[in-house]
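# Next comes the sequence, and after it the predicted model I'd like to discuss.
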Amino acid sequence: IRVFVSGKPSGTYVDNGSSIIVPAGGDGSAAWLWCHSGPVVIDWYGATTTSTVDNAPFILKAAQSGATVIIPQGKVYSVSGVEITDKSNFTITGGGQLRLMDLSNKPVLRATRCTNWQFNNVKIDGNKAGQNNTADRNLGSCLFAYMSSDWKIINCEAINGYSGACILAIDNSGDATEVQTNGLIGWNTIKDGGGATAVTLCDGIFANSDNTLIVGNTIHNVSDYGIAADYSRNLKIVDNSIRQVGFVGIGILGAYDWDVSNNRIQQGGIGIAVTLSGNTAISPYISRDVRISGNIISDITNAGGLLGDGIFVDPSALDIEVSLNKIRNVFRGIACSSANCLVIGNTIRDAVDRGLFVDPAGSIVYGNKAIRCGVTSYYGSSISNKTLFEDTSVGAIAATTFLNNWVNVGGSYDVAGFLRQGGIVRLCGQVKSGSSNGSPIFILPVGYRPKTPVRVAVPGDTVGGVANILIDISGNVIHLSGAVAEVHLANISFVTA
């Protein structure tokens, strides 16, 4: 209800078009005032669903008047960008949608220097097709927490972010002075960020934010990182689902004391990457004390010049734990060349290149499995630290037509055959008793032949015995010289044409 109040000194009341209405021609000594308790609805302050009306001023009036502001569910409100500044103890909620107007080039909903607040159950459409700013990536965000503390962005939907990040959290102004953030980004749905033009890159979530929990978010189809965080201490990135990213599923950039666990990442150029931050002047610059555990990563490709690693740890990083992750269908499983790392209990399946590429000084590599991985399954210290590489001949095609009197050794030995994993072909089995000196053993079919001739020395029938094998571009597997009584083919692999 509105209550009429009068008898105050001139200028006491200033008409704001919503909670304070000064009668026409009045001097501010009397006014109609809102008298209410509880949430306020933006419609009370003039907000309308007319698409050409900028509702930002009405939403700000509502935020000034109440602790809880309702954006009504099922309604869509156009805005040029809403920035709430220097306010404490408020909530924006209700289930309705804010949609950025064309050429606004601003974050849709932003809180600056605010404390103890939350955006909860709000839908945001960044209208990326209607924006054109390329100078400042942060202007393309849907939800933005800036220089704020004790905040939550939860249960929201953020779609069509133009650039920067669909959800962005920054706790400093570009120098070393930081707010103790205590933030929560949780259970949001984020999709279709970036890519409006060739120059716009958009993360699902970007956090430069200490003491922050990023949990339970679903991120789909963003043009840069699924989740990226920089210059941050004490972050937890857990239980998120990330699918179809342009670059990296989770980027750990300048980290200290992070937990990155139990996330599911599918389709990208790198699953999880640990690297330096982008600015040596801001701490932390080098990533250290990061735990990467229990994540499920699949379908990571090296197309377009990307690394294609399930997990990549830059040599600059220190004291990184990579444990109990499950990685499948990648170019390379785990690549870690940093010092004092712990790489234990991981399972890598179907890597085109190495399952493990690990050779750091002072590191522990133990109890991992590499299954059906191409080239060599390991590099560096892995093989001497009890990493298990399972039989890569499982699923191989047996060679059924032998030439020049060659036959399988038989008994407990594998039959001769070949297996293709991505762009890599591996041979398997043991053969014996055929003609030497340039005679083919069998011929590989089209699709299993090398780009260029491959010459390999393989174990023979005695201790120290060697057979020299050539695979030519026509698929002939040729015995050139050496042992013939027992020729082991399992060490032969090559890139197919």
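Sure thing, it's come through. Numbering: from 1, shown residues only.
# buried set for stretch 410-426?
For stretch 410-426, burial by neighbour count (16 or more other Cβ atoms under 10 Å) applies to 414-422, 424-426. The way it works is simple: take the backbone N, C-alpha and C, and place the C-beta from them, glycine included.
# Select the longest strand from the protein.
Longest strand in the chain, counting residues (DSSP state E): strand 248-261.
# so what does it touch, helix or strand wise?
strand 227-238, strand 264-268, strand 270-275, strand 288-293 (3 or more Cβ pairs under 8 Å, 6 or more residues apart in numbering; DSSP states H and E).
# Out of these, which gets nearest to Gly434?
Closest to Gly434 of these, according to Cβ to Cβ: strand 270-275, at 44.9 Å.
# partner strands of the closest one, parallel or antiparallel?
strand 248-261 (parallel), strand 309-313 (parallel) (DSSP bridges).
# Find the one among those with the highest mean neighbour count.
Ranked by mean neighbour count, those are led by strand 309-313 with a mean of 28 (mean count of other Cβ atoms under 10 Å).
# average model confidence for that strand?
Mean pLDDT, computed over strand 309-313, is 94.
# Now do that strand and strand 264-268, the angle between them.
Angle of strand 309-313 versus strand 264-268, following axes from the mean of the first three to the mean of the last three Cα atoms, to 10 degrees, is 100 degrees.
# Beyond strand 309-313, next helix or strand please.
Remark: after strand 309-313, the chain's next helix or strand is strand 318-323, criterion DSSP states H and E.
# now for that next one, which elements pack on it?
Other helices and strands packing on strand 318-323, by 3+ Cβ pairs under 8 Å, 6+ apart, are strand 288-293, strand 309-313, strand 332-336, strand 342-344.
# List of residues touching the very next helix or strand once past it?
Next along the chain after strand 318-323, taking DSSP H and E as the criterion, comes strand 326-330. With contacts defined as Cβ atoms under 8 Å, 6 or more residues apart in numbering, strand 326-330 is touched by 271, 295-301, 308-311, 333-334, 346-352.
# switch the cut-off to 6 Å
Outside strand 326-330, the residues within contact range by Cβ atoms under 6 Å, 6 or more residues apart in numbering are 296-300, 310, 333, 347-351.
# which of the residues you listed are buried?
Buried subset of the contacts of strand 326-330 (neighbour count, 16+ other Cβ under 10 Å): 296-298, 300, 310, 333, 347-351.
# Sitting in strands, which of those do you find?
Among the buried ones among the contacts of strand 326-330, the members found in strands (DSSP E) are 296-298, 300, 310, 333, 347-351.
# Nearest to Met101 among those?
Ile300 (37.8 Å).
# just how off-centre is the strand or helix carrying Ala158 within its chain?
Secondary-structure assignment from DSSP H and E places Ala158 in strand 157-159. With Cα atoms, centre = their mean, to the nearest Å as the basis, strand 157-159 stands 17 Å off its chain's centre.
# Adjacent strands (with direction) for the helix or strand just after it?
For strand 157-159, the following helix or strand on the C-terminal side (DSSP H and E) is strand 164-170. Take DSSP bridges as the rule and strand 164-170 pairs in its sheet with strand 143-146 (parallel), strand 202-208 (parallel).
# what is the rounded mean pLDDT of strand 164-170?
Throughout strand 164-170, pLDDT has a mean value of 92.
# what packs against the next helix-or-strand element following it?
Downstream of strand 164-170, the next assigned helix or strand under DSSP H and E is strand 183-186. If you count contacts as 3 or more Cβ pairs under 6 Å, 6 or more residues apart in numbering; DSSP states H and E, strand 183-186 packs onto strand 149-154, strand 212-215.
# Where does Leu139 sit: helix, strand or coil?
Following DSSP: H, G, I helix; E, B strand; the rest coil, Leu139 is assigned to helix.
# circling back: out of the strands paired with strand 164-170, the one nearest Asn240 is which?
Comparing those against Asn240 with Cβ to Cβ, the closest turns out to be strand 202-208 (8.4 Å).
# As CSV, could you dump the C-alpha coordinates of that closest one?
The C-alpha trace of strand 202-208 is given here as CSV (Å, rounded to 0.1, in the frame of the first residue of the first chain):
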residue,chain,number,x,y,z
CYS,A,202,33.6,-16.8,-24.4
ASP,A,203,34.2,-19.0,-21.3
GLY,A,204,31.4,-20.7,-19.5
ILE,A,205,32.8,-19.5,-16.2
PHE,A,206,35.8,-17.4,-15.5
ALA,A,207,36.9,-16.7,-11.9
ASN,A,208,39.7,-14.4,-10.6
